[in-house]
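Undergrad: just to be clear, the model below is a prediction. Sequence and coordinates:
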Amino acid sequence: MPASCPDGPCPAKAAAAGGASRIPVAIVGAGLTGMSAAFHLARAGIPCRVFEREPQPGGHVVTVEERGYRFDRTGHLLHMPGGPERDLALSWIGPSWREIERRSAIWSHGVYTRYPFQANLFGLPPAVAYECLQGFVDAHVAPPQAPARNFEEFCLAHFGRGITERFMVPYNTRLWGVGPTEMTADWCARFVPVPTLGDVLAGAVGFANRELGYNARFIYPERGIGQLSSGLAAALGSVECSRPLRRIDSAARELAFDGERVRFEVLVSTIPLPRLVELWDGASAPVRRAAARLRATHLYYLDVALRTPCGRPYHWIYVPEPRYPFHRVGCYSHFSAQMAPPGTAGLYVELSDRQEPDLASLLPAVADGLCEMGLIARREAILFARARRLDPAYVVFDHACRGAIDSIRPFLAAQRILSCGRYGGWDYSSMADALASGREAAAQAAALLGGAQDQDGDAT
Ligand SMILES: Cc1cc2nc3c(=O)[nH]c(=O)nc-3n(C[C@H](O)[C@H](O)[C@H](O)COP(=O)(O)OP(=O)(O)OC[C@H]3O[C@@H](n4cnc5c(N)ncnc54)[C@H](O)[C@@H]3O)c2cc1C
């Protein structure tokens, strides 16, 4: 989308005059958070500009197309309860979407079991199911423990040893790219369902009758999740793409882009928090040290086009065992038939290794794994595969994380810099959270501008 000068100041004219253009609110990053902030600011009548590094808006929420196959950046499924936020999101998607009941499973010990593992032991080899069940009961009747110091202790306390060792530790180590004792349990309350003893007993004998977890239903647009971000971008009218932020001059309150300086009253930043601190010339040494302690992991995954349909009906499958090079596989064509040509299917395969994949040597092992799981019948079912990188993918909630964030935030707030979204807020959060975070940032920006106008008489 090209740069444009809607009602506000014209960057081209300002640049030609050698000065900085001015805007009440500058937004950096046109993922869902940044675009949602822009949408709500526009609704409030507050001029803003949105700057995006990439040639297209959307951040992680984009769909690419190749030879009739559509691929998102791995599974991006929208979980939104009813209400005005959902109505807005659906208005951006347009009429072509469906609400779908989750069909997900775990592949381990050569069998499929229902998700979540901890509540559905039925179908596992009896010795494994027994070990997991016994461990859960032991943990359930154990006397109260001290609060868990890390994610592994959290799992042992809530699920017992069998479930922890058979699923929680191996799967999460592969997902996050770090060991479970390195991570606190801060992130998991919402994302890791803790079943009751009744749920576990019912699930162990195949009698589970309720779906657990936040993602039992999801919304999916017919032509991929990119419909959400492209619809939102269209509603905005103006997103300035291919505009990477180079520097923040805190004395002048200016953003430096190639060929333009932009003066702002309030900055809404959705780029990763450590990068924001790097670009901000006013960051003190303690703030820089705190930012350097923040860790995130990237992810490699494969877009896989099949010549055939997918051999199992699941939307996505968790694969905890380290003998496979991947830990999660999903089938786009089960989300929507329009994601692949008729009679074929498209998959995403999330790779556990953080090294850049050598596709030629990796693909046979991936294909063999998919064959074992019954997703394809033979290696030749793969028409083409592309290796992709998501960076950052996961914020690491290690023991330094909370303290580091707490020591950065007050300095940003004092500068009227709102750092928000999944990576700006340094969080493990969803698309719905990103939309809400953008809305909240817009409200905060409006409040700050009210204050600025009171003081200066002119917010712009
Ligand atoms: C593997 C994976 C699976 C996921 N699955 C789901 C799911 O099923 N359901 C769900 O709800 N959520 C899911 N999410 C989460 C979802 O992707 C995020 O919550 C959401 O996309 C975050 O949006 P954001 O705008 O905060 O960040 P981003 O999408 O990262 O947007 C930030 C933007 O800033 C831009 N930027 C960075 N640096 C600069 C710079 N210097 N100058 C200008 N622009 C810059 C980036 O290019 C990007 O466009 C998943 C995430 C991952 C990693």
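TA: Nice, I can see it.
Undergrad: what residues of stretch 310-318 count as buried?
TA: In terms of neighbour count (16 or more other Cβ atoms under 10 Å), stretch 310-318 has its buried residues at 310-312, 314-318. Bear in mind the C-beta positions are built from the backbone N, C-alpha and C, glycine included.
Undergrad: touching the ligand at all, it?
TA: No. Counting by Cβ under 6 Å from any ligand atom, the ligand is not contacted by stretch 310-318; separation bottoms out at 8.9 Å.
Undergrad: with stretch 48-56 instead?
TA: Yes. Applying Cβ under 6 Å from any ligand atom, one finds stretch 48-56 touching the ligand at 51-54.
Undergrad: among the residues you listed, who's most crowded?
TA: E52 (27 neighbours; other Cβ atoms under 10 Å).
Undergrad: what sits against that residue?
TA: E52 makes contact with 29-30, 34, 239-243, according to Cβ atoms under 8 Å, 6 or more residues apart in numbering.
Undergrad: and the pLDDT at it?
TA: As predicted, E52 sits at a pLDDT of 98.
Undergrad: so what pLDDT did whichever residue of the stretch 301-450 of the chain sits closest to the ligand get?
TA: Using Cβ to the nearest ligand atom, the single residue of the stretch 301-450 of the chain nearest to the ligand is G421, 2.5 Å away. G421 is assigned 98 on the pLDDT scale.
Undergrad: what does the stretch 301-450 of the chain put close to the ligand?
TA: Residues of the stretch 301-450 of the chain found near the ligand (Cβ under 6 Å from any ligand atom) are 390, 393, 421-423, 429-432, 434.
Undergrad: which among those residues gets closest to A447?
TA: Of all those, G421 has the smallest distance to A447: 18.7 Å, by Cβ to Cβ.
Undergrad: just to revisit the earlier point, quick one: which of the residues of the stretch 301-450 of the chain next to the ligand is most hemmed in?
TA: G421 (30 neighbours).
Undergrad: was I right about that one contacting V28?
TA: No. Taking contacts as Cβ atoms under 8 Å, G421 lies outside contact range of V28: 10.5 Å.
Undergrad: stretch 233-249 spans what distance, first to last residue?
TA: End-to-end distance for stretch 233-249, by Cα to Cα, to the nearest Å: 28 Å.
Undergrad: now it, how far from the centre of its chain.
TA: Relative to the chain's own centre, stretch 233-249 is displaced by 20 Å; criterion: Cα atoms, centre = their mean, to the nearest Å.
Undergrad: give the buried residues for that stretch.
TA: 233, 236, 238-241, 243, 245, 248.
Undergrad: of the residues you listed, which ones also sit close to the ligand?
TA: L245.
Undergrad: out of the buried residues of stretch 233-249, show me where the pLDDT dips lowest.
TA: S238 (90).
Undergrad: thought that residue was touching C48?
TA: No. Applying Cβ under 8 Å, one finds S238 not in contact with C48, separated by 9.6 Å.
Undergrad: before we move on, the earlier item: and the residues of stretch 48-56 next to the ligand as JSON lines, adding distance to R86 and secondary structure?
TA: As requested, the residues of stretch 48-56 next to the ligand are exported to JSON lines (distance: Cβ to Cβ, whole Å; DSSP: H, G, I helix; E, B strand; the rest coil):
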{"residue": "F51", "distance to R86": "28", "secondary structure": "strand"}
{"residue": "E52", "distance to R86": "25", "secondary structure": "coil"}
{"residue": "R53", "distance to R86": "29", "secondary structure": "coil"}
{"residue": "E54", "distance to R86": "27", "secondary structure": "coil"}
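Undergrad: all helices of the stretch 1-150 of the chain, in order?
TA: 11-16, 32-43, 84-93, 126-141 (DSSP state H, counting those that start in this stretch).
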